[in-house]
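Peer 1: I'll drop the sequence and a predicted model, then ask my questions.
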Amino acid sequence: MISEEIERLMRLRDSGALTEEEFLQAKTRILEPGTTNPQAFGHGSFQGTAATDLIFGLEPRIWCTLMHAAQLLTWTGVGIVAPFVMWLISKDTSREANRHGLVILNWMLSSLVYGVISGLACFIVIGIPMLVVLVGLNIVFLIMGALQASGGKLWKYPLTINFFDPESAI
């Protein structure tokens, strides 16, 4: 409810967590959906995000960072599904989430192709070091993607086969 949100903002202002200016800006965003506050949403390609562009209450920059970081859950089996589901539920809401999701999906499919090739190459021994390198690249690339997303930038993973074009994403 709007009244509850404004009361929460007033408590934050009264406790000193928000300045009067921040309070007024946040109150304006609540009362007038679609207004923007460039200072509240970081920098880079996400600058000027409207309050109505939040994805499940998160700024797109944070959502995209979590989408990249969710790949760390691969070792639990969830890492393959989590970024894909996050992309599916946010791709129509946010252009940035759609672009980051396509970058992640391209890398996941590329990684699968490289994994199959490396697995087949294990019969001639060279595949074992290839698999080790692939695991290392998976870790490094998703961390780099998350760091870049947290800074408001889209970072395309190197060595990615472009199955989908994130630049043409709506």
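Peer 2: Structure received. Since the structure is predicted, the reported quantities are computational estimates derived from the model, not experimental observations.

Peer 1: Please name the nearest non-neighbouring residue to Ile139.
Peer 2: Nearest non-adjacent residue to Ile139, counting by CB to CB, 6 or more residues apart in numbering: Leu72, 7.8 Å away. The way it works is simple: take the backbone N, C-alpha and C, and place the C-beta from them, glycine included.

Peer 1: Let me see the contact set for the one you found.
Peer 2: 79, 139, 142 (CB atoms under 8 Å, 6 or more residues apart in numbering).

Peer 1: buried subset of those residues?
Peer 2: 79, 142 (16 or more other CB atoms under 10 Å).

Peer 1: By pLDDT, rank the contacts of Leu72 and give me the bottom one.
Peer 2: Lowest pLDDT of the contacts of Leu72: Gly79, 76.

Peer 1: Give me the three-state assignment for it.
Peer 2: With DSSP: H, G, I helix; E, B strand; the rest coil as the basis, the three-state label of Gly79 is helix.

Peer 1: thought it was touching Ala69?
Peer 2: No: counting by CB atoms under 8 Å, Gly79 does not reach Ala69; the two are 9.6 Å apart.

Peer 1: so what pLDDT did the residue nearest the centre of the chain get?
Peer 2: What sits nearest the mean C-alpha location of the chain, by CA atoms, centre = their mean, is Cys64, with 1.0 Å. Looking at Cys64, its pLDDT stands at 95.

Peer 1: One more: Leu134?
Peer 2: 96.

Peer 1: With Lys153 instead?
Peer 2: Reading off the model, Lys153 has pLDDT 94.

Peer 1: helix, strand or coil for it?
Peer 2: Secondary structure of Lys153, per three-state DSSP, is coil.

Peer 1: Give me the phi and psi for it.
Peer 2: Lys153 adopts backbone torsions of phi -120, psi 150, taken as degrees, to the nearest 10.

Peer 1: what's around it, how many residues?
Peer 2: 16 (other CB atoms under 10 Å).

Peer 1: And the one 4 residues further on, by the same measure?
Peer 2: Around Tyr157 sit 20 other residues, with neighbours defined as other CB under 10 Å.

Peer 1: try Leu12
Peer 2: 14.

Peer 1: what does Ala146 give?
Peer 2: When neighbours are counted by other CB under 10 Å, Ala146 comes out with 21.

Peer 1: Give me the spatial nearest neighbour of it, chain neighbours excluded.
Peer 2: That would be His68: by CB to CB, 6+ apart, it lies 3.8 Å from Ala146.

Peer 1: which helix in this structure runs the most residues?
Peer 2: helix 95-121 (DSSP state H).

Peer 1: pLDDT weak spots in the protein?
Peer 2: Within the chain, the ranges that satisfy pLDDT under 70 run 1, 33-52, 170.
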